Every structure is written in structure tokens, then in C-alpha cells.
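Colleague: okay, structure incoming, though there's no sequence with it:
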């Protein structure tokens, strides 16, 4: 009910939508997942009110959030960072959804934005791993000085090196995930307010296609070999594709639970496992999404009836 109330309030006008988005983004400094809700508000207003009003809401949000950021942290540039990494990506992906009515194409657009982030970083920063190592150095040094830190200097350095090698892909995956969750939340709100039940059906039918699946499978195979280290920019695309196909994996799970008429406890279990075993579950769900392009797991579940 709280989420529906947020959506209803945001739909009462441009400045209310802007205030809602800005406050959620500011609160995300304390509790980061709230940023997905702020992206959802932008997606909802764009879907419901149109692209031009979506731009106006973003501009109004930028003003409100800049004032909040200046007051709370004294850094106006934070508003620009959130605009580039959160609001603009979800707006662009929402435009694709609005014009094409294709949820799959919207998710692939989000993956394209993530891959664009990877390519830009590798073009602008020749050695991204070394750059990230320098950026993370103050954080690692502060962490290693904590009494609870149990690694020695050599082990800490290894952690820093490994994390630096992953950061470009993780940042790109974060941009992609924010855009995807933004349109999922926005579309779910739109369905809840104006067309109950429509989004659930749409989500369970999600199918991304064989070409992206082949690309993802190749990246997964390369990650298991030593060749991957020679093409770091390509390996940095893997987290992005895992996010996209992980969402398809979730759609498959939702569909099978519905087809098999299983308890919602199955879905709750999946989401709990996502929280406590995030990397492993993303890999499992993404693999499920890739395999589904050839084996159509939902159709097979329908044929097998309501049994396990």
C-alpha cells in the first residue's frame, strides 16, 4: 500500500513527482535501494504523461535534488552524477518501452547502455584496473585500519587488485540494473494504478532472444579461460549481460510458479537467496535465462502439468 501511495502522489503533478523523486534519491544516500524507487517514479511519469513531461519532471527533480544535495552534503555535483547514472538511463529505456511496447527490447537497451559505459571507460582510461586501484586506495586503507580487519598487508593488496579489476563491469552493471528496475517498478505502478494485472502477464512472458543469449554464453565461456584476461573490455560486459539474463531467469521462475500453481513461498525463497547469495543466484538465474532461449522452459512446464 505504501508503494502505491508513493505512485499515486507522484502522479498528482510535475512538482510532486519531482519532489518524490528527489526525496527518494536523497534518502538513497542512507539506504541505496531507494534509488530504484526514484527511477521508478521517472519511468511512471514518462509512461503515463509522455516523453516531454518526463523531461520536465527530470529537470524539476534536478533542481530540487541539487538544493537537497547542497544542504545535506554540500556537494552540488552529486545531482549531476545521479542524473547521468540513474535518471537519464531509465528515461531512455522508458522511451523504448513506450514507443515499442516491447519489454524485451527495453531490457536489451538497458544492457546496451551498460556496455556503452564499459566502452567509454576503456576508451577514456587506458588502464582501468590501475585507475580503480588508485580510486579505491583511500577506502581500502581506511578499511584495513579497522580493528575487525583480519587480512595482512599482502592479502589486503590482493583484495584491492581483484576488486579493481571488477569495478568497471560492476559500475556498468549497476547503471543497467538501475534502468531495468526503474522500468519494472514504473511499469508495475502503471499497471497497478490503471490496468491491474497487466504487468504480471507481460513480465512472465519476457524472452530476450537467441543472439543476446549467444553473446552472453560466449562471455561466460571466456570467463572460464585464461583468454579473458587479454580482452578486459569484453569481460567487463559480462556483469551487464548477467544482470539482463538474470531478470529473464526471474521471469521464468515467476511463470513456472504460476503454471505449476505453487505457493508464493517459492518466490520468497528465491528472493531471500538473492539477498544472501547474490553472485551465485545471479549466475544461476542468468544461466536459466540463456538456456530458455533454446529449451522454452515455460512451454515445457505447461506441457508437464501442475506436478513438480
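Modeller: Thanks, I have it. None of the values given here were measured: they were computed from a predicted structure.

Colleague: and residue 206, its phi and psi?
Modeller: When quoted as degrees, to the nearest 10, the phi and psi of residue 206 stand at phi -60, psi 130.

Colleague: same question for residue 296.
Modeller: In terms of degrees, to the nearest 10, the main-chain angles of residue 296 are phi 40, psi 70.

Colleague: for residue 277, same thing?
Modeller: phi -140, psi 50.

Colleague: OK, contacts around it?
Modeller: Listed by Cβ atoms under 8 Å, 6 or more residues apart in numbering, the contact set of residue 277 is empty. C-beta: built from backbone N, CA, C; applies to glycine.

Colleague: hmm, 10 Å instead?
Modeller: Residue 277 sits next to 283, 284 when contact means Cβ atoms under 10 Å, 6 or more residues apart in numbering.

Colleague: local confidence estimate at it?
Modeller: Residue 277 is assigned a predicted lDDT (pLDDT) of 93.

Colleague: for residue 225, give its distance to residue 207.
Modeller: Distance from residue 225 to residue 207, counting by Cβ to Cβ, to the nearest Å: 29 Å.

Colleague: for stretch 168-181, buried residues please.
Modeller: By neighbour count on 16 or more other Cβ atoms under 10 Å, the buried set for stretch 168-181 is 168-169, 171-181.

Colleague: more neighbours: which of residue 225 and residue 207?
Modeller: Using other Cβ atoms under 10 Å, the more surrounded residue of residue 225 and residue 207 is residue 207, with 16 against 9.

Colleague: just checking, the more buried one touches residue 248?
Modeller: Yes - Residue 207 is within contact range of residue 248, at 7.2 Å (criterion: Cβ atoms under 10 Å).

Colleague: what do the two both touch?
Modeller: Taking Cβ under 10 Å, 6+ apart as the criterion, residue 207 and residue 248 both touch 104, 213, 289, 292, 293.

Colleague: distance of the second one from residue 274?
Modeller: To tie it back to what came earlier, the one meant is residue 213. For residue 213, the distance to residue 274 (Cβ to Cβ) stands at 21 Å.

Colleague: for the spatially closest residue to residue 48 that is not a sequence neighbour, report the pLDDT, please.
Modeller: Nearest residue to residue 48, sequence neighbours excluded (Cβ to Cβ, 6 or more residues apart in numbering): residue 190, at 6.0 Å. pLDDT for residue 190: 93.

Colleague: next secondary structure after whatever helix or strand residue 190 lives in?
Modeller: Using DSSP states H and E, residue 190 sits within helix 153-194. Heading C-terminal from helix 153-194, the first helix or strand you meet, by DSSP H and E, is helix 198-204.

Colleague: pLDDT weak spots in the stretch 1-150 of the chain?
Modeller: 72-73 (pLDDT under 70).

Colleague: go again using 80 as the cut-off
Modeller: Along the stretch 1-150 of the chain, segments meeting pLDDT under 80 span 1-2, 69-76, 143-150.

Colleague: what ranges do the strands span in it?
Modeller: For the stretch 1-150 of the chain, strands defined by DSSP state E, counting those that start in this stretch do not occur.

Colleague: hey, where'd the helices end up in it?
Modeller: For the stretch 1-150 of the chain, the helices defined by DSSP state H, counting those that start in this stretch cover 2-10, 14-27, 34-49, 51-72, 77-82, 88-100, 103-124, 128-144.

Colleague: for residue 78, which non-adjacent residue is spatially closest?
Modeller: Counting by Cβ to Cβ, 6+ apart, the residue nearest residue 78 is residue 69, at 4.4 Å.

Colleague: what is the neighbour count of the one you found?
Modeller: By other Cβ under 10 Å, neighbour count at residue 69 equals 22.

Colleague: list the contacts of it.
Modeller: So residue 69 contacts 22, 25, 26, 29, 75, 76, 77, 78, 79, 80, 81, 82 (Cβ under 10 Å, 6+ apart).
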